[in-house]
Structures are given as structure tokens and as C-alpha cells.
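S.K.: missing the sequence, but the structure's below:
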């Protein structure tokens with residue numbers, strides 16, 4: 001059961017119960033906002049994109065109940081939108097919440113509090129296409145590339161624009177919140193080199 005701490009709603013429910021059957025649930029308005037942020041990880045072990053989706057309680061009351069947490073987020077290559085990766089957003093992707101019981105699925109979220117979901121993308125799209133290998137237009141990085149025949153460094157880079165969209169429902173029978181569209185430019189590199197060999201990755 002989901003409820004918010006509001007004297008108006010309590011009075012409404014009491015009045016309705018006196019009249020018999022409760023009316024259909026009514027959403028009091030916009031309860032949540034949502035936004036996305038990205039980070040690029042390039043190390044000896046990682047070359048991936050991290051997307052954090054933050055959902056914030058913008059209602060002026062505490063929200064409390066059994067959470068649904070059901071939604072999705074899509075990362076889309078802007079110049080070729082057919083290349084996209086879609087991720088589910090569920091409690092399994094939740095990385096931050098002040099008061100959420102994973103056993104009972106009960107969530108309590110105060111005004112202005114946030115919960116955060118995270119997905120990690122390895123640049124393989126929904127159809128199994130490896131974008132760095134088959135789609136990205138990689139070019140030698142002049143600051144980190146030795147010519148043949150014996151290259152010690154061979155970093156290749158590219159600059160691509162991505163768009164992130166999505167939506168998620170936090171509580172049952174409460175309108176799903178749309179993730180504010182995020183468009184960003186990624187400077188991708190195919191290889192990691194220590195700072196004593198190459199400068200940090202930079203695209204024009």
C-alpha cells in the first residue's frame with residue numbers, strides 16, 4: 001500500500017469510506033522529478049559508460065509504501081539512432097536510497113530526498129553490435145600514437161554524441177516519471193595508457 005502524509009487525503013478517504021466503496025485512486029499531482037548523469041571509465045580493466053538516474057521527491061510530504069520500481073532507460077547514438085542500448089530500471093539497479101527495505105520492498109522518501117539507479121554500458125547495442133569495432137569512427141590520437149612498424153603507443157579516439165531517455169514508476173498506481181532527456185558528447189578512446197606515456201584523453 002502506498003500513501004503520503006497529507007491531512008487532505010486522510011479526510012477524503014474517511015469521507016469516502018462513510019459513503020461505501022472507496023473511489024478509484026487519484027494521483028495528487030507530480031510527485032517526482034528525474035534526471036540522468038553520465039561518466040566515462042577508462043582504466044586498464046574498464047572501458048565503459050556509467051549512467052546514473054536520480055529520482056527526487058518533489059512533493060511536500062513524505063511518501064511511503066511498497067515500491068514498484070519498474071522502468072527503463074535507453075542510451076542512443078545520436079547520429080545513428082538505430083544503435084541504442086536499453087536497460088531495465090528496477091530495485092536491482094538501485095545504488096542509493098535512505099530508507100528502502102529490499103526484503104519487504106518498502107520505500108520511505110522524504111521531501112527533497114533522492115534515490116539513484118545505475119546502469120553500466122560496454123558499448124554493445126541491443127542487437128549485439130559492438131560500436132567501437134563496427135560503428136565508431138576511430139582515428140589515431142596524435143598525442144598518443146607511434147607510427148609503424150613498431151608502435152609503442154597506439155591509442156585511437158573518437159567523439160560521439162549520445163542521448164539518454166527513459167521513465168520509471170516508483171509506486172504502483174502512481175504516474176511514471178519521465179527521465180529528463182540528457183544529451184552529451186563522449187570522447188572515447190580504445191586503449192588506456194598511464195600518464196607517463198600519454199596525456200589524458202581529449203577530443204576537439
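M.R.: Yep, it's here. Computed from a prediction, not measured in an experiment: that's the story for all the values here.
S.K.: pretty sure residue 69 sits against residue 94.
M.R.: Yes. Counting by C-beta atoms under 8 Å, residue 69 touches residue 94, with 6.8 Å between them. Glycine gets a C-beta too; all of them are placed from N, C-alpha and C.
S.K.: who's more crowded, these two?
M.R.: residue 69 (22 against 19; other C-beta atoms under 10 Å).
S.K.: and the pLDDT for the more buried one?
M.R.: Note for residue 69: predicted pLDDT of 96.
S.K.: got the contact list for it?
M.R.: Residues near residue 69 by C-beta atoms under 8 Å, 6 or more residues apart in numbering: 89, 90, 91, 94, 105, 107, 168, 169, 170.
S.K.: ok, now how distant is it from residue 75?
M.R.: Going from residue 69 to residue 75 by C-beta to C-beta, to the nearest Å gives 20 Å.
S.K.: got it, and residue 116?
M.R.: To residue 75, residue 116 is 17 Å away according to C-beta to C-beta.
S.K.: these two - which one has more neighbours?
M.R.: Between residue 116 and residue 75, residue 75 has the larger neighbour count (other C-beta under 10 Å), namely 25 against 15.
S.K.: hang on, that one is in a strand, isn't it?
M.R.: Yes. Assessed with DSSP: H, G, I helix; E, B strand; the rest coil, residue 75 lies in a strand.
S.K.: helix, strand or coil for the residue lying closest to it once chain neighbours are set aside?
M.R.: Of all residues not flanking residue 75 in the chain, residue 85 sits nearest, at 4.9 Å (C-beta to C-beta, 6 or more residues apart in numbering). Three-state call for residue 85 (three-state DSSP): strand.
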